[in-house]
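Trainee: Starting from these lines, generate the structure:
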Amino acid sequence: MPKLVNFTYDEITIGQTASYAKVIEERDIQLFAAVSGDVNPVHLDPEFAAASTFGERIAHGMLTGAIISAALAMELPGPGTIYLSQTLRFRLPVKIGDTVTVALQVTDKQERRRIVVLDCKASNQAGKVVATGSAEVMAPAQKLSIERPQLPRVEV
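Mentor: Coordinates of the predicted model:
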């Protein structure tokens with residue numbers, strides 16, 4: 001079974017990078033709407049969305065934000081990370097079938113509370129930037145290497 005390994009505060013260096021990718025599926029949009037309560041028809045109703053600026057359904061912006069959260073939790077710093085804050089600017093819509101790739105880069109470290117600041121950039125499969133921002137996390141103090149849990153099985 002694959003392992004999840006983190007980077008402790010002491011192991012992290014300014015300029016360090018990591019990436020994480022996810023394909024956005026119909027199921028993701030349905031589940032995000034159910035969990036968040038955001039049932040804006042631009043996400044769920046094909047007829048409504050066809051008449052919108054985008055001409056088709058788009059994913060929730062915060063679904064992209066959640067993918068950034070996954071990148072932090074799974075890649076850098078990884079398991080044991082505590083998410084403290086995030087700025088986000090949405091630049092382009094994410095559509096069903098898009099592959100969102102999050103690129104992370106460490107820009108600052110603050111030793112007092114093991115704070116790490118990361119530049120976050122999410123792009124689609126065409127290399128177009130869909131969101132940018134900065135995350136502040138508390139990096140783990142303890143090294144972890146754990147079995148990667150399977151995603152929970154959920155039906156809509």
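
Trainee: What average pLDDT does the biggest helix by length in the chain get?
Mentor: The helix spanning the most residues in the chain, taking DSSP state H as the definition, is helix 61-74. Helix 61-74 comes out with an average pLDDT of 98.

Trainee: if I've got this straight, residue 103 is in a strand?
Mentor: Yes. Assessed with DSSP: H, G, I helix; E, B strand; the rest coil, residue 103 lies in a strand.

Trainee: so residue 60 makes contact with residue 43?
Mentor: Yes. In this structure, residue 60 is within contact of residue 43 by C-beta atoms under 8 Å, at 5.6 Å. For glycine as for every other residue, the C-beta is placed from the backbone atoms N, C-alpha and C.

Trainee: what do those two both touch?
Mentor: Here residue 60 and residue 43 share the contacting residues 29, 32, 33, scored by C-beta atoms under 8 Å, 6 or more residues apart in numbering.

Trainee: tell me which of those is nearest to residue 16?
Mentor: Of all the shared contacts of residue 60 and residue 43, residue 32 has the smallest distance to residue 16: 29.6 Å, by C-beta to C-beta.

Trainee: Please name the residues that touch the closest one.
Mentor: 38, 43, 59, 60, 62, 63, 66.

Trainee: Reformat the residues you listed into TSV and put distance to residue 128 and neighbour count next to each item.
Mentor: Formatted as TSV, the contacts of residue 32 follow (distance: C-beta to C-beta, whole Å; neighbours: other C-beta atoms under 10 Å):
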residue	distance to residue 128	neighbour count
38	24	15
43	20	21
59	14	22
60	18	20
62	19	15
63	17	21
66	20	16
